[in-house]
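Visitor: Provided below are the primary sequence and the corresponding predicted coordinates.
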Amino acid sequence: MTLRTLIVDDEGVARRRVRRLLQLEPDVQIVGETGDGRSAVEAIEREHPDLVFLDVQMPELDGFEVVQRLPPSRLPAFVFVTAFDRYALRAFEVHAVDYLLKPFTPERLRLALSRARDRIARPDGAHDGLRALVDELRARARYLRRVAVHAGRRIVLLDVGAVDWLQATDNYVTFHAGGRQYLMRETLSSLEGQLDPDRFVRVHRSSIVQIDRVAELHPATHGDFDLVLRDGTRLVLSRRWRERIERALGRTL
């Protein structure tokens, strides 16, 4: 059986590595490559691949949104590829054919292929797990994806995935994203309930961080920690909210 396979990743180096490894497999036919989610949906609908190696974090649409855009009855088998997305890892272990955690070895990719072959060879119930994933993702649509924020006199539609951290100032919230700042008239507590708790964590009465932006944690005084973000920003993790970040990290500080 020939596995018609599509490669989806926004990093050219990553696509080339997957392609090089797949070309060593005699039963794999690579039917295309794409570098963003929107093109991935179009390629899947056009090529009808048996298997898709799908990156999680991409421009246009992320890996979750790609799955959501496809008819459940015509889903290919997916092997998800991720660098650090904790929610993705938990979801993929339950629902997907397999996941690859970057950087992965050739042996690990071959194992993913073996699992995909087994899934595709079982036509009855082969997509039950992915249908469950689609339902779960749709249920998560209540969380904010974009917000209308002020940048000077302009109103900007900001992708929530681009936000590094949020800062409360009275009845306003400042969104810090990629070195820029945007303002919204809203309370931090109200926004906290609208953000995906698997991605955003309250660390202080005046700040929320996107957990993937945290680079380092340094013990401070009275049970507090200093958080260092990837861009060098330093924030305080208050003892009051320490348990939340421990749950997000899956370990005790």
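Guide: Nice, thanks for sending it over.
Visitor: if I look at residue 117, how far off is residue 174?
Guide: 50 Å (C-beta to C-beta, to the nearest Å). Any C-beta I mention is one placed from the backbone N, CA and C, and that applies to glycine too.
Visitor: just residue 202 next, same as before
Guide: Residue 202 is 15 Å from residue 174, by C-beta to C-beta.
Visitor: Comparing the two, which shows the higher neighbour count?
Guide: A count of neighbours by other C-beta atoms under 10 Å puts residue 202 above the other of residue 202 and residue 174, at 21 against 16.
Visitor: which ones are touching that one?
Guide: Each residue near residue 202 by C-beta atoms under 8 Å, 6 or more residues apart in numbering is listed here: 188, 192, 208, 241, 244.
Visitor: Not counting sequence-adjacent ones, nearest residue to the first one?
Guide: What it means is residue 188. The spatially closest residue to residue 188, leaving aside those adjacent along the chain, is residue 168, at 3.8 Å (C-beta to C-beta, 6 or more residues apart in numbering).
Visitor: Near that neighbour, how many other residues are there?
Guide: By the criterion of other C-beta under 10 Å, residue 168 has 19 neighbours.
Visitor: quick one: contacts for the residue lying closest to residue 236 once chain neighbours are set aside?
Guide: Of all residues not flanking residue 236 in the chain, residue 204 sits nearest, at 5.3 Å (C-beta to C-beta, 6+ apart). Residues in contact with residue 204 (C-beta under 8 Å, 6+ apart) are 235, 236, 237, 238, 241.
Visitor: farthest-separated two in those?
Guide: Maximum pairwise distance among these (C-beta to C-beta): 11.0 Å, between 235 and 241.
Visitor: got any residues that touch both of the two?
Guide: Residues touching both residue 235 and residue 241 (C-beta under 8 Å, 6+ apart): 203, 204.
Visitor: Show me what counts as buried in the strand or helix carrying residue 42.
Guide: Residue 42 belongs to helix 37-47 when assigned by DSSP states H and E. Buried residues in helix 37-47, defined by neighbour count with 16 or more other C-beta atoms under 10 Å: 37, 39, 40, 41, 43, 44.
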